[in-house]
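Show me how the following folds:
(one chain, ligands or ions: 1)
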Amino acid sequence: VRRAIDNLVGRADVELAMRRAIDLARSTHPHPNPRVGAVILGPDGSVRASGNHSRPGSHHAEVAALAIAHEPGDTMVVTLEPCDHAGRTPPCTEAIIRAGISRVVIGVEDPDPRVRGRGVSRLREAGIDVVIGVLADEVVACDPGYHFQRASGRARITLKLASTVDGQVAAADGTSRWITDEPARRDAHRLRSEHDGILVGSGTVITDDPMLTDRRPDREGPQPRPIVVAGRRPIPPSAAILAREPIVYADDEGVDLAEMARDLPEHGILSVLVEGGPSIAHSLLHAGLVDELVWYFGPIVGAGVGVPAVSGVFATMAEAIPLAIESVATVGSSIRVVATPADRRLASSTGVT
Ligand SMILES: NC(=O)c1ccc[n+]([C@@H]2O[C@H](COP(=O)([O-])OP(=O)(O)OC[C@H]3O[C@@H](n4cnc5c(N)ncnc54)[C@H](OP(=O)(O)O)[C@@H]3O)[C@@H](O)[C@H]2O)c1
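Take a look at the predicted model:
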């Protein structure tokens, strides 16, 4: 990659353009399509145009950028391999070739089986110089749900917990407001906005009657879709969440959560934030369906037995799920730990189960 980029307009220009393309991609909500950003550079490395794929059915990023301005011989810097198949819009490869773009710099190959490698081959056959793998990790990190789902076939699941320092999510009487402080709750709302769906068990709906919306005043884009997993107890008709048309998976013999994770992409849900209670946390952790754990510890200690973050019995050490800690940060006066179940670490980073 280094050698190839050194031949270009300038390595620094290309990386700067890729960063800009990533920022453009990050602000979009196109799932089940990927988040994509594209930047066109003139021969001197200056930015001529840029674009992104803002929502399903809108122009692809490459076409959006080309529509603004381009000249033959320009370089296109794009986060994801351009598509070579006609969907709701014609193939991007055709538009790039027709525009006379002479070089395409790609963040990562598209893991979608309909594209994987075909876009690159098509561009190369047309005589275009193609470079792949610039800031690839950052590109994947800006759309982890897409990369994970296309490689594994199921939605990527993040489990969020908010507990006292001794791991309790509520007191014995069910009260839980507030365990964490305002900055941590705001941070958790930002986390909501990064996911397509927010999942809870029916127990949380019955006890807390949550809305599961991102309530930051400066928020943008659509609200994440609520998802409820229910067993023997029905969702009360007065539940606030019903006004938000939740996706409901209900089975009084127990919902097959792995099947649910494979079904969610059919609803456009590639990434899910679980904000449910201890039962759903237990089920997902033991089913090996948690790809990332975000745990907020509020500045209080329960100092007794209330409601532990994960239900069930922790019978012996061999049953513990080892974690790889990715980051630890203070948010206000709470602590946020981001971790990956150790057996899933490789899977998450490569997007393969
Ligand atoms: N601090 C926090 O982060 C946090 C977040 C959420 C909740 N909470 C607290 O957690 C408590 C509620 O706990 P909870 O364990 O009842 O909540 P939950 O895990 O959200 O819901 C549990 C219920 O979900 C259903 N369920 C779970 N897995 C299922 C499956 N595979 N198939 C079918 N149904 C399934 C079952 O419903 P049925 O009973 O109908 O079978 C089960 O009783 C409340 O006190 C709440 O305040 C705290």
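
what kind of secondary structure is residue 15 in?
Under DSSP: H, G, I helix; E, B strand; the rest coil, residue 15 falls in the helix class.

which residues does it contact?
Counting by CB atoms under 8 Å, 6 or more residues apart in numbering, residue 15 touches 134-135. Heads up, the C-betas are built off the backbone N, CA and C, glycines and all.

swap the cut-off to 10 Å and go again
By CB atoms under 10 Å, 6 or more residues apart in numbering, the residues touching residue 15 are 5, 77, 105, 134-135.

Relative to the ligand, which of those is nearest.
The ligand has its nearest neighbour among the contacts of residue 15 in residue 135, at 33.9 Å by CB to the nearest ligand atom.

can I assume that closest one is in contact with residue 23?
No - between residue 135 and residue 23 there is no contact under CB atoms under 10 Å: 11.5 Å.

Between these two, which has more neighbouring residues?
Taking neighbours as other CB atoms under 10 Å, residue 135 and residue 23 compare with residue 135 leading, 20 against 15.

What separation do you get for the more buried one and residue 78?
Applying CB to CB, to the nearest Å, the value for residue 135 to residue 78 is 12 Å.

Common neighbours of the two, please.
Listed contacts common to residue 135 and residue 78 are 18, 21, 105, 107; contacts here mean CB under 10 Å, 6+ apart.

And for the first one, the neighbour number?
Counted by other CB under 10 Å, the residues lying close to residue 18 total 23.

and it, what does it touch?
Contacts of residue 18 by CB under 10 Å, 6+ apart are 37, 39, 77-79, 105-107, 134-136, 138-139.

all strands of the stretch 151-300 of the chain, in order?
With DSSP state E, counting those that start in this stretch applied, the stretch 151-300 of the chain shows strands at 156-163, 168-170, 197-201, 225-230, 247-250, 271-274, 292-297, listed in chain order.

Quick one: mean pLDDT over the second one.
Per-residue confidence for strand 168-170 averages out to 95 on the pLDDT scale.

likewise stretch 78-86?
On average, the pLDDT along stretch 78-86 is 92.

Which one of the contacts of residue 15 sits in the busiest neighbourhood?
Per-residue neighbour counts (other CB under 10 Å) across the contacts of residue 15 peak at residue 77, which has 31 neighbours.

Would you mind measuring from it to residue 96?
Distance of residue 77 to residue 96, given as CB to CB: 12 Å.

Now do the shared contacts for the two.
Taking CB under 10 Å, 6+ apart as the criterion, residue 77 and residue 96 both touch 38, 40, 65, 104.

Confirm that residue 48 lies within a strand, as I assumed.
Yes - assigned with three-state DSSP, residue 48 falls within a strand.

residue contacts, it?
39-42, 65-66, 68-71, 74-76.

if we take those, which one ends up nearest to the ligand?
Nearest to the ligand out of these is residue 39 (CB to the nearest ligand atom; 39.8 Å).

Can you report how many residues lie near that closest one?
29.

Apart from its chain neighbours, what residue comes closest to the residue sitting nearest the centre point of the chain?
Centroid-nearest residue in the chain, with CA atoms, centre = their mean: residue 145, separated by 3.8 Å. Computed as CB to CB, 6 or more residues apart in numbering, the closest residue to residue 145 that is not its neighbour in sequence is residue 271, at 3.0 Å.

how much space is there between the one you found and the ligand?
Distance of residue 271 to the ligand, computed by CB to the nearest ligand atom, to the nearest Å: 18 Å.

got it, and residue 38?
Distance, residue 38 to the ligand, using CB to the nearest ligand atom: 39 Å.

which residues sit in contact with residue 201?
By CB under 10 Å, 6+ apart, residue 201 lies in contact with 207, 228-231, 233, 255, 274-284.

cutoff 8 Å now
Neighbouring residues of residue 201 by CB under 8 Å, 6+ apart: 228-230, 276-277, 279-280.

List buried members of these by neighbour count.
228-230, 276-277, 279-280 (16 or more other CB atoms under 10 Å).

ok, and which of those reach the ligand?
Among the buried ones among the contacts of residue 201, the ones lying near the ligand by CB under 6 Å from any ligand atom are 229-230, 276-277, 279-280.

farthest-separated two in the residues you listed?
Greatest spatial distance among these (CB to CB): 230 and 277, at 12.6 Å.
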